[in-house]
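Colleague: sequence and computational prediction follow.
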Amino acid sequence: MSTERPDLTDLTDLSAAVRARGGELRAGGTDTGARQRSGVSTGPFTDLDGVADLRGTEPLPGGGLRIGALTTLAELAADPRVRAGWPALALAAGTAATPQIRAAGTLGGNLLQRNRCWYFRNPHISCLQKGGAGCPAREGDHHFGVVCGGGPCITPHPSTLATALLTYDAEAEIHDEAPRSVADLYGDGDRLHHADHLLLPYRVLTAVRLPAPLPGERAAYHRAISRAHAEWPLVEATARLALDGATVTHAAVAAGGVARVPLRLPEVETVLIGREATPGTLAAAAATVLTRCRPLPQTGYKTTLFRDTVLEALEQALDGAAR
Amino acid sequence: MEFEVNGVRRTVDVDGDPAAVDVVRDRLGLTGTKLVCAGGVCGACTIQVDGEPRVSCLTPAARLAGRRVTTAEGLSGHPVARAFAAEDALQCGYCTPGFVVEAAAFVERRRALHGTARPGREQIAEALAGHLCRCGAYEGIFRAVAAACAGDHDTAPTGSAPSGAGAAAVPRVEAPEKTDGSARYTTDLHPDGLLEGVIIRSPHAHAHVRSLEAGDLPLVPLLPPDGVVRYVGQPVAAVAGTDRAGARAAAARVTVDYEVLPAALDARLARTGEGPPVYEDKASRKRAPGSGETPQLVPARWRGNLRGPSAMSKRPAVAVRRIQEARTKYPERVVEGVFTTAAQTHTPLEPHACLAHWADGTLHLQVSTQSVKAVAELAAERFGLPAERVVARAVHVGGGFGCKMGLTTDVVAAAELARLHGAPVRVVLDRDEELTDGGYRPASRIRLAMTVDAAGDLSALAMDADSDGGVSVGGTVAALARFMYGKAPRRLRDFDTVTHRPPGAPFRGPGGPTMCWALEQAVDEMAHRLGQDPIALRRRWDGNPKRHALYDHAAALPLWSGRRGGTGRFRRGVGVAAANWLYLLDPVTEVELAVEDGIVVARCAVQDMGTGSRTVLRRAVADALGLHEARVRAEIGHSDTVHGPTSGGSRTTPSLVPAAADAAARLREALGGSDVAARLDAAHGVRVTGRRPRDHRGFALPFTLGGVAVGRGFTGSVQVAEVEVDTRLGRIRPLRVWSGIAAGRIHEDRLARSQCEGAVVQGIGYALYEERRTDPVTGRVLTDNLEDYRIPGIGDTPEITVHFHQEGFDHVPGGGVGLGEIATLPTAACLANAVHDATGWRPYDMPIRPDRLLEGLGT
């Protein structure tokens, strides 16, 4: 093995190259490219696209699905198996960004991308995420900041696919490391001052494993934005419901745009499970997120928007169930 | 690395990990691929990789190895490229190649699946969601993509023109070059030996530059005479290198010693006059840049950082007394409120750019400008040259909207660097520079009060407007309310709240959409107060006969009487707003006609930034001479020909068309009258110059203001908009907009409609999305990219119907005046009134973001 000329098809070699020379791994390049051009991130970037077997979906025994980390968002959105069994993931993948970005951006890259804070993304500004001393957004303009959790970094996590994967209790496979739950890629956010995930820079997320869908389950994904398309969400939510008649037997709900990490929302699920899925129940369930909210001076609007985006996802999921 | 580009094998090295756009554009010279946002947002750099669209700015070049790449150049003659030209799906054309590359893939995919079925707007919008067009030519794009899907442009039109196949089938002269990427903009030029210049900018909002050290490095200082920088991003100096990286490295070698000073960053403080003074003395105040068309036309008092008032009042004491009386006696007859507007950044997709070189004592400028003549004149003045020693070229200009006038920093830096280095030097602003220092429509805070008499007629109006344009002054917002709604007494005062932030610049109808936001919402409120139809009330107050015709038309629209309101989650509303604007012209405009090889070449030092002046000129000449348009060539964008107008103040068409008609009459006479077409072949070398004649009974003012004459009569517009409001998640969807425009005779119908449609799109951006935000602590612009600075996309475009009322300008030769500005004035207010109609909540603050709407609705 040589770090100068790593074998571009070998994960161990590529990982070692990043360990030796620093920089970042690169999947689709849609996030790294922007940071590279602006000068926020200097690389070097070690490409994963030469590695075989990181792309595509494969059924698992027991009805689950394994998705290679380099599978693009466009492929996820169009994959008949994903659409049938894990529709919230397909919907989330098909709603994010723009058609060109979805065609290049990958599952792994989406989960491990850097945040969109305009202070972080500005090469002229120092911040915690770039090794600086403090968070300029806190005293500055944090209109798009978090509404849950107090920092020290106050920018929401950018991964749309993570909110969907959380509701599916998905597991991430990591090269040379034990698999961990998608939730454990991020923890509770307290340790994400200098990063947007907990993996070491040279670790390669190789695939995501989805458990088998529940019989008759339906799901929805919704994002609150101001324009029609192509905008990072103010709040986004995923809901997954299984019903027996009108009674909710299983619920999994998650949200993004609200906290340093994508959030699973057990409080919402608890209200739903075992109850009839009436409009009142859905509203009561969605309203439980309010107790989580600790708005910053400029993100007060996200409290009710958080609740109502969750409600929207629940209603859409239920409508799907009725179809 | 080997790959195939447009069917040709190419080998390039990818050392240094360049992006695909750098290889395709800079190394292979395929400049149809434009670099605009550099963040995958705007799609201008889209290429096809193995048939699939990719944003080449975020595609590592190494990923192209072994792949098949197609650029706009490779789609020349493709039905989609033809459709874009034929349906006029463009204005400035800078975003067009990217749209064509994406749309070609969409159309091919769709036709493989669905044959020639015409897609709906939503399907097209989703497919093109990754593209932005700042001109707002989305209606044409919808049309072109649908037509291409239907197979309408599968074959090239034949036999329609005597020469230049298909030329006459294309409404816009240069559209074919703009759709296949062969139109060369300033940013696309790369002569041998070219150096790249970069600008070193201040990281401080307020500082005194003690020294500037560059060793033996050639450096152009760009500081004001007092050596004080007054905003983050202010140019300090410029240096050059053989490429951008080299120039950046050179810039890093320059040491600037800043003495950092306390900065005034809060416009609210400036309102009281407080804060560290931005301008200490008269001399520095005089140098303050202008945010309006004429910066400091009216002298005004300064109190600390508050400049003003400049007043355009009529019987102000009476107005104030009436409002005060009404407040106590008839409060139900008073409407008052504080309205705010956000700063709107021009962000033309071609940034400010200039390529300069000196040859034999002559300065040659290739520049992205909307005033090619003025740039040459100002450069001559600045560099102490005789006028004929500066030649400026602006053949294709990728948008302007008001921010590319005069001697901007890119021009000064390029010219000075070129002189220092004895080489051609190009300065092209990056998108973050463009969004920081490229200009913007100032934000504002407007206090308004109006009252009516017992009969319901307007009896008094008071408007105080603070323009928040950073270090710039000269905001004219309230002043524009002088010309609306009759002669009732009114106190109209404009102030500038000056801060250590980047300067505003004139933006399409300076002050107009801002003033309308307040006035037209207040009139709407009064109509509700009086229980009157908002169109009927306006018709009653407004004495303008041209607008009367538009009100009558608007009131009869099914849109106006359609379903409204509702109590559910999604509510519909319809709003109306009106506006007027000055008719300006350049009275010394000339057009030269020369017969060359059997065709008539029309020359004028005007430019086309997407507004269509090249096409208007060709049409005017062809019509006046009775020639087919293929026998006329309009050659514009050169300063070294007869005088032409700046493209600003809606003055281009009413300056150009009469001068062209005069020139045509002279040519006809020179050729012996009658059948000009028959005589052209034998008339090589004949040359005449026509002048802009005066209007019948002259102009409104006997003098010109900075070369601009004020003509008689106002243009008018009335717009009606329908929106759908999601009261749960706060999204406002513009559904339909009817835009009635009274600007006299329309000279180029298709292009004029496109202007008006784009004006509506920009107004939608102003009302709903666009918001320049600055860090309150440092004064740095945070919205310095196209992700955070949100301009409308194709999916935000309502169905737009444009109606022209063509009467009322018979005193103008040709019968028509300009409409670029009037068409955008009422849109934002019109949408606000529609939101009020839908929800009962009035949006005083712009943009009407989801959080504001939801807060207003109390959800």
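Modeller: Noted; the coordinates are in hand. Numbering: from 1, shown residues only, chains lettered A, B, ... in the order given.
Colleague: domain assignment for chain B?
Modeller: B:2-183, B:184-261+B:352-428, B:274-331+B:440-502, B:533-582+B:711-857, B:590-691 (automatic domain parsing).
Colleague: is it true that A:V268 touches A:V310?
Modeller: Yes: counting by C-beta atoms under 8 Å, A:V310 is a contact partner of A:V268 at 6.2 Å. Just so you know, the C-beta spots here come from the backbone N, C-alpha and C atoms, and that holds for glycine as well.
Colleague: which neighbours do the two have in common?
Modeller: Residues touching both A:V268 and A:V310 (C-beta atoms under 8 Å, 6 or more residues apart in numbering or on different chains) are A:253, A:285-286, A:289.
Colleague: just for chain B, where's the confidence low?
Modeller: B:158-168, B:293-298 (pLDDT under 70).
Colleague: centroid residue for it?
Modeller: Among the residues of chain B, the one closest to the centroid is B:F401, at 2.0 Å (C-alpha atoms, centre = their mean).
Colleague: which SS class is that residue?
Modeller: For B:F401, the secondary-structure state derived from DSSP: H, G, I helix; E, B strand; the rest coil is coil.
Colleague: sec struct for the residue in the stretch 151-300 of chain A positioned nearest to chain B, please.
Modeller: With C-beta to the nearest C-beta as the measure, A:A228 is the residue of the stretch 151-300 of chain A nearest to chain B, at 3.1 Å. With three-state DSSP as the basis, A:A228 sits in coil.
Colleague: ok, it to B:G98 distance?
Modeller: Distance, A:A228 to B:G98, using C-beta to C-beta, to the nearest Å: 19 Å.
Colleague: between these two, who's got more neighbours?
Modeller: The residue with more neighbours, out of A:A228 and B:G98, is B:G98; 32 against 19, by other C-beta atoms under 10 Å in any protein chain shown.
Colleague: the more buried one against B:L35, yeah?
Modeller: No: contact criterion C-beta under 8 Å: B:G98 and B:L35 do not qualify, at 10.3 Å.
Colleague: what touches both of those two?
Modeller: Shared contacts of B:G98 and B:L35, defined by C-beta under 8 Å, 6+ apart, are found at B:44-45.
Colleague: tell me where chain A has helices.
Modeller: For chain A, the helices defined by DSSP state H cover A:11-21, A:30-38, A:73-78, A:80-85, A:87-95, A:99-104, A:107-112, A:136-139, A:160-167, A:266-272, A:279-287, A:301-322.
Colleague: most tightly surrounded among those helices?
Modeller: Comparing the helices of chain A by mean neighbour count (mean count of other C-beta atoms under 10 Å in any protein chain shown), helix A:160-167 comes out on top with a mean of 29.
Colleague: ok and that one relative to helix A:87-95, angle-wise?
Modeller: Compare the direction of helix A:160-167 with that of helix A:87-95 by axes from the mean of the first three to the mean of the last three C-alpha atoms, to 10 degrees and you get 180 degrees.
Colleague: does helix A:160-167 reach chain B?
Modeller: No: taking C-beta under 8 Å from any C-beta of the partner chain as the criterion, helix A:160-167 and chain B are apart, separated by no less than 14.8 Å.
Colleague: which strands and helices sit next to that helix?
Modeller: Packing partners of helix A:160-167 (3 or more C-beta pairs under 8 Å, 6 or more residues apart in numbering or on different chains; DSSP states H and E): helix A:87-95, helix A:107-112, strand A:218-224, strand A:235-244, strand A:247-256, strand A:263-264.
Colleague: in TSV: the ones you listed, plus distance to B:E102 and mean pLDDT.
Modeller: Output for these, formatted as TSV (distance: least, C-beta to C-beta, whole Å; pLDDT from 0 to 100):
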stretch	distance to B:E102	mean pLDDT
helix A:87-95	17	97
helix A:107-112	22	98
strand A:218-224	22	97
strand A:235-244	25	97
strand A:247-256	28	98
strand A:263-264	35	98
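Colleague: what's the closest of the ones you listed to A:T299?
Modeller: Closest to A:T299 of these is strand A:235-244 (C-beta to C-beta; 10.3 Å).
Colleague: ok, the closest one: who's next to it in the sheet?
Modeller: Using DSSP bridges, strand A:235-244 pairs in its sheet with strand A:218-224 (antiparallel), strand A:247-256 (antiparallel).
Colleague: return the most buried member of those strands.
Modeller: With neighbours defined as mean count of other C-beta under 10 Å, these peak in mean count at strand A:218-224, which reaches a mean of 25.
Colleague: taking the stretch 251-400 of chain B, what residue is nearest to chain A?
Modeller: For the stretch 251-400 of chain B, C-beta to the nearest C-beta, closest residue to chain A: B:L265, 11.0 Å.
Colleague: which element, helix or strand, includes the closest residue to chain A within the stretch 301-450 of chain B?
Modeller: In the stretch 301-450 of chain B, the residue that lies nearest chain A is B:D432 (7.6 Å; C-beta to the nearest C-beta). Following DSSP states H and E, one finds B:D432 within helix B:431-437.
Colleague: what residues does the stretch 51-200 of chain B have near chain A?
Modeller: Contact residues (C-beta under 8 Å from any C-beta) of the stretch 51-200 of chain B with chain A: B:52-55, B:57-60, B:62-63, B:102, B:125-127, B:129-130.
Colleague: let's see it at 6 Å
Modeller: The stretch 51-200 of chain B comes close to chain A at residues B:52-55, B:58, B:60, B:129-130, as judged by C-beta under 6 Å from any C-beta of the partner chain.
Colleague: the residues you listed: which two are farthest apart?
Modeller: Distance extremes for those: the farthest pair is B:P60 and B:A129 at 23.3 Å, using C-beta to C-beta.
Colleague: hang on, the earlier thing: just the pLDDT for the residue of the stretch 151-300 of chain A closest to chain B.
Modeller: Listed pLDDT for A:A228 reads 97.
Colleague: list the contacts of the nearest residue to it once chain neighbours are set aside.
Modeller: Take A:A228 and drop its neighbours on the chain: the residue closest to it by C-beta to C-beta, 6 or more residues apart in numbering or on different chains is B:G795, 3.1 Å away. Going by C-beta atoms under 6 Å, 6 or more residues apart in numbering or on different chains, B:G795 touches A:228-229, B:125, B:129.
Colleague: please give the centre-to-centre distance between stretch A:87-106 and its chain.
Modeller: Distance, stretch centre to chain centre, for stretch A:87-106: 12 Å (C-alpha atoms, centre = their mean, to the nearest Å).
Colleague: swap in stretch B:283-291?
Modeller: For stretch B:283-291, the distance to the chain centre is 24 Å (C-alpha atoms, centre = their mean).
Colleague: check stretch B:457-477 too.
Modeller: How far stretch B:457-477 lies from its chain's middle: 22 Å, per C-alpha atoms, centre = their mean.
Colleague: tell me which residues of that stretch come out buried.
Modeller: Across stretch B:457-477, burial judged by 16 or more other C-beta atoms under 10 Å in any protein chain shown covers B:458-477.
Colleague: stretch B:624-643 now?
Modeller: For stretch B:624-643, using 16+ other C-beta under 10 Å, the buried residues are B:624-625, B:627, B:629-643.
Colleague: and B:V367, what are its bridge partners?
Modeller: For B:V367, the beta-bridge partners under DSSP bridges are B:C354.
Colleague: was I right to think it contacts B:C354?
Modeller: Yes: here B:V367 reaches B:C354: they are 4.4 Å apart, a contact under C-beta atoms under 6 Å.
Colleague: and chain A, which of its residues are near chain B?
Modeller: Chain A has residues A:29-30, A:33-34, A:37, A:98-101, A:103-104, A:118, A:139-141, A:224, A:226-230, A:301, A:304, A:308 near chain B, with proximity defined as C-beta under 6 Å from any C-beta.
Colleague: one more time with 7 Å
Modeller: Contact residues (C-beta under 7 Å from any C-beta of the partner chain) of chain A with chain B: A:29-30, A:33-34, A:37, A:43, A:45, A:47, A:49, A:98-101, A:103-104, A:118, A:124-125, A:136, A:139-141, A:224, A:226-230, A:234, A:301, A:304-305, A:308-309, A:312.
Colleague: residue of the stretch 501-650 of chain B closest to chain A, please.
Modeller: Residue of the stretch 501-650 of chain B nearest chain A, by C-beta to the nearest C-beta: B:R569 (9.8 Å).
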